[in-house]
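>>> Prediction below, plus the sequence it came from.
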Amino acid sequence: MALRPATADDWAAMTGLPAPGEWWGYVEARAQLIEGLGAIYLAGDGRWWITFQRCPGVGKVKTAHAGARRLLAEARDRGVTVHALAQPGMQGAALWLERLGFAMTGQELEGVAVWQTR
């Protein structure tokens, strides 16, 4: 696993958007290619959210899981409750969130269940 701290340029390259005001994350990258980004950011709703982006065709599920665990450990150290959405249509997304320690809140955002760290 070759994770390095993410930069605002990495965020923009992976999402097509400017980096949020408050966030931290990691990327899996080679010399000229960012293969994936995992980050926790403070959204306009005042909640911290976790997000993951991978380039099409990139698997690296074990790397994504290890990166997610690292991000969530840092969130715990900072006293931050993290929220997440299971990606609709992605088989196993809800199970992955459960394994990472998330629980459903009973809330929905645009018809998708909101999860948060326990």
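The structure has been received and is ready for your questions.
>>> For the most centrally placed residue in the chain, name its beta-bridge partners.
Geometric centre of the chain, nearest residue: Thr51, 2.6 Å, by Cα atoms, centre = their mean. According to DSSP bridges, the partner residues bridging Thr51 are Ala39.
>>> tell me which element Phe66 falls in.
Actually, residue 66 is Ala rather than Phe. If you go by DSSP states H and E, Ala66 is part of helix 61-78.
>>> Check which helices and strands that helix sits against.
strand 3-5, strand 23-30, strand 33-42, strand 48-54, strand 112-117 (3 or more Cβ pairs under 8 Å, 6 or more residues apart in numbering; DSSP states H and E). Where you see a C-beta, it was placed from the backbone N, CA and C, and this is true even at glycine.
>>> which intervals of the protein have sub-threshold pLDDT?
Where the chain drops to pLDDT under 70, the residues are 1, 31, 54-61.
>>> tell me the contacts of the residue nearest to the centre of the chain?
Neighbour list for Thr51: Leu37, Gly38, Ala39, Ile40, Tyr41 [criterion: Cβ atoms under 8 Å, 6 or more residues apart in numbering].
>>> I'm done for today, thanks for sticking with me.
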